[in-house]
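Trainee: Here is the input, now give the coordinates:
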Amino acid sequence: MSLNDRAARTLKDIMQNPGNDACADCGAPDPGWGSCSLGVFICLECSGIHRKIPEISKVKSLNLSRWEEHELQFMAENGNEVLKSKYEAAVPVYYYKPTHKDCQVLREQWIRAKYERKEFTGPGTNFTYEEEVRDGILMKMGRDNGQFLSRRFVLSVREGTLRYFAKTDAREPKAVIKVDTINATFQPMKIGNPNGLQITYLKEYSTRNIFVYHDNGKEIVDWFNSIRAVQLQYLKVAFPGAMDVELVPKLTRNFLKEGYMEKTGPKQTEGFKKRWFTLDHRRLMYFKDPLDAFAKGEVFLGNRDHGYEVYASLPEGTYCNGAWQYGITIVTPDRSYPFTCETESDQQDWLKHFSDVLSTQMSPQEYSMEALLKRRP
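Mentor: All right, here's what the predicted structure looks like:
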């Protein structure tokens, strides 16, 4: 047996230890790489980020690289669980821990925060995310022209608001956004920037989108986690008896699904038109363009026990003029909404997400949201 074969066999045995069967940083299964200087097992994508901090992490392939005996011993003595207890000892509950499904900037800043900046190694750390006021410049996309211009943003814990100003020295903000209405999610592909962040909130019964980025990955991720920190503060006041594990899921969240479908008007006699749809838990919003500032409309998805349903077909007599033939109908207590998808697989994916939402019990806050949206003019 060659030296490499023996090393691969030894590493395979070490990977049987608890926690070593998934990437130490993003949780992807069956990691194929290891950091012989840190003692963790990681996936291919995270290994690429580790290579950016060579003074801290030296990565090797578990199967193709040459491993020295002392490196194998080091991996056996450490491993993912041991290193997590050190480098993730004091992660704030609001801090977003990315998974293998998240974008590059989130994962890179998580890895740098852990191993390079050592932010979470012990108690007593003064986190930048918990400052009373966060004040800085972000590049914001104009609502009408699509150009990105620098804008001043101010996040206030005391006021529970995110404000932005058209000019750095402006006295009055262009908008004041309550943090309890905010959702923030990274959208690098949609925005066309690796650090692109979409901020969504309610304005006068309508969904409003703001698209921003910062050239510095740490800066934009710090803004993201600062928003989550303020949201948690707000929720603790609003729900004084709730535990953190109950409140964290109410912070920023990724959209359940986005993509194109075709829709028709309320009379269901008009032609179907292609629109961009975003499913943000119980709110299905549609836009003429993915980067539109305002949703053209939205549908609230309640619970099946309250008159909501979804079917894999169009209502009888619906005039379908488009090339997309895979129908979906969402039924609410007020009316039905027919849509068409381009492919059967896309139809089935939308149906699964809709069905999962309709099968979930509604919270008191969601009942309030339902009533709010019904009062729209």
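
Trainee: so Thr278, which of the three states?
Mentor: Three-state call for Thr278 (DSSP: H, G, I helix; E, B strand; the rest coil): strand.

Trainee: hang on, isn't it packed against Asp292?
Mentor: No. At 10.3 Å, Thr278 does not count as touching Asp292 under the criterion of C-beta atoms under 8 Å. Every C-beta, even on glycine, is put in place using the N, C-alpha and C of the backbone.

Trainee: between those two, which one's more packed in?
Mentor: Ranked by neighbour count (other C-beta atoms under 10 Å), Thr278 and Asp292 place Thr278 first, with 23 against 17.

Trainee: Isn't Ala175 up against Arg163?
Mentor: Yes. The pair Ala175 / Arg163 is scored as a contact, 6.8 Å apart, by C-beta under 8 Å.

Trainee: For the stretch 201-350 of the chain, just list every one of the helices.
Mentor: In the stretch 201-350 of the chain, the segments counted as helices under DSSP state H, counting those that start in this stretch are 217-238, 244-247, 344-358.

Trainee: and those, which one is worst for confidence?
Mentor: Among the helices of the stretch 201-350 of the chain, helix 244-247 carries the lowest mean pLDDT, at a mean of 90.

Trainee: what's the spacing between Glu316 and Arg66?
Mentor: Here the distance between Glu316 and Arg66 works out to 68 Å (C-beta to C-beta, to the nearest Å).

Trainee: The two: which is more packed in?
Mentor: Arg66 (10 against 5).

Trainee: quick one: low-confidence parts of this structure?
Mentor: 1-4, 267-269, 322, 375-377 (pLDDT under 70).

Trainee: So for it, the centremost residue is which one?
Mentor: Asn254 (3.3 Å; C-alpha atoms, centre = their mean).

Trainee: That residue is in contact with Thr185, isn't it?
Mentor: Yes. Proximity of Asn254 to Thr185 meets the contact threshold set by C-beta under 8 Å, at 5.2 Å.

Trainee: if we can go back for a sec, out of the helices of the stretch 201-350 of the chain, deepest packed?
Mentor: Of all these, helix 217-238 has the most neighbours on average by mean count of other C-beta atoms under 10 Å, namely a mean of 20.

Trainee: CA atoms of that one as CSV?
Mentor: C-alpha atoms of helix 217-238 as CSV (Å, rounded to 0.1, in the frame of the first residue of the first chain):
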residue,chain,number,x,y,z
GLY,A,217,-17.7,42.1,1.0
LYS,A,218,-17.3,42.6,4.8
GLU,A,219,-19.1,45.9,4.7
ILE,A,220,-22.2,44.6,3.0
VAL,A,221,-22.4,41.4,5.2
ASP,A,222,-21.9,43.6,8.3
TRP,A,223,-24.9,45.7,7.2
PHE,A,224,-26.9,42.5,6.6
ASN,A,225,-26.1,41.1,10.1
SER,A,226,-26.7,44.6,11.7
ILE,A,227,-30.2,44.6,10.3
ARG,A,228,-30.8,41.2,11.8
ALA,A,229,-29.4,42.3,15.2
VAL,A,230,-31.8,45.3,15.2
GLN,A,231,-34.7,43.1,14.2
LEU,A,232,-34.0,40.7,17.1
GLN,A,233,-33.9,43.6,19.5
TYR,A,234,-37.3,44.7,18.2
LEU,A,235,-38.8,41.2,18.5
LYS,A,236,-37.6,40.8,22.1
VAL,A,237,-39.5,43.9,23.0
ALA,A,238,-42.6,42.9,21.0
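
Trainee: helices or strands next to it in the packing?
Mentor: In terms of contacts (3 or more C-beta pairs under 8 Å, 6 or more residues apart in numbering; DSSP states H and E), helix 217-238 is packed against helix 104-111, strand 133-141, strand 148-156, strand 183-186, strand 197-203, helix 244-247.

Trainee: Show me the strands paired with the fourth one, marking each as parallel or antiparallel.
Mentor: With DSSP bridges as the criterion, the sheet partners recorded for strand 183-186 are strand 197-203 (antiparallel).

Trainee: in the strand it pairs with, what counts as buried?
Mentor: Residues of strand 197-203 classed as buried: 197-202 (neighbour count, 16 or more other C-beta atoms under 10 Å).

Trainee: out of the helices and strands packed on helix 217-238, which comes closest to Glu370?
Mentor: Among these, the nearest to Glu370 by C-beta to C-beta is strand 197-203 (13.1 Å).

Trainee: Contacts for the closest one next, please.
Mentor: With C-beta atoms under 8 Å, 6 or more residues apart in numbering as the test, strand 197-203 has contacts from 162, 175, 177-178, 181-187, 190-191, 207-213, 220, 223-224, 227, 280, 372.
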